[in-house]
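Enquirer: predicted model follows, preceded by the sequence.
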Amino acid sequence: MNKRILLIEDNEQNSYLASFLLQARGWEMVHAEDGPSGIALASQTDPVLVLLDIQLPGMDGYAVARALRQDPRLAAIPIVAVTSYAMPGDRERCMEAGCNGYIEKPIDPGTFAAEVERFVRGAP
């Protein structure tokens, strides 16, 4: 089974924590710090899931999600927004852009990996 997760996150501490928690459960992490490189990595690395920060430099996560959904090779990959945007309507905006799920920051280290795994088809 492919165990690769793409994390598109520009904050080094957030990236480290998410990667640490998921690698501890056997996931292989691929990381991009901005939208364009995340889109490129998605097509190069064939991830089973994309974890997407919404507040990214240059190209926001909404635009990244829409771009991934427009690529026929990437359209079926689940996208989970991991964001500090927690105002009314933010979850809906993420879903409208093409995300399958939404996890608020700061993430809870005790539940984060299990929350993420709910979106991976065939995950234990």
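Expert: Everything's here; your move.
Enquirer: can you tell me the closest non-neighbouring residue to the residue positioned nearest the centre of the chain?
Expert: Residue closest to the average C-alpha location in the chain (CA atoms, centre = their mean): residue 51, at 0.9 Å. Using CB to CB, 6 or more residues apart in numbering and skipping the chain neighbours, the partner closest in space to residue 51 is residue 7 (4.7 Å). C-beta coordinates here come from the backbone N, C-alpha and C atoms, glycine included.
Enquirer: what is the burial count for that neighbour?
Expert: Residues lying near residue 7 (other CB atoms under 10 Å) number 25.
Enquirer: ok, residue 30 next?
Expert: Neighbours of residue 30 using other CB under 10 Å come to 18.
Enquirer: measure the residue nearest to residue 51 to residue 110 for me?
Expert: 19 Å (CB to CB, to the nearest Å).
Enquirer: over to residue 4?
Expert: Per CB to CB, residue 4 is found 24 Å from residue 110.
Enquirer: settle it for me: which of these two has more neighbours?
Expert: The neighbour comparison of residue 4 against residue 110 (other CB under 10 Å) goes to residue 4, with 14 against 8.
Enquirer: how many neighbours does residue 41 have?
Expert: Residue 41 has 18 neighbours, counted by other CB under 10 Å.
Enquirer: which residues does the residue lying closest to it once chain neighbours are set aside contact?
Expert: Closest residue to residue 41 apart from its sequence neighbours, by CB to CB, 6+ apart: residue 32 at 5.0 Å. Taking CB atoms under 8 Å, 6 or more residues apart in numbering as the criterion, residue 32 is in contact with 6-9, 38, 40-41.
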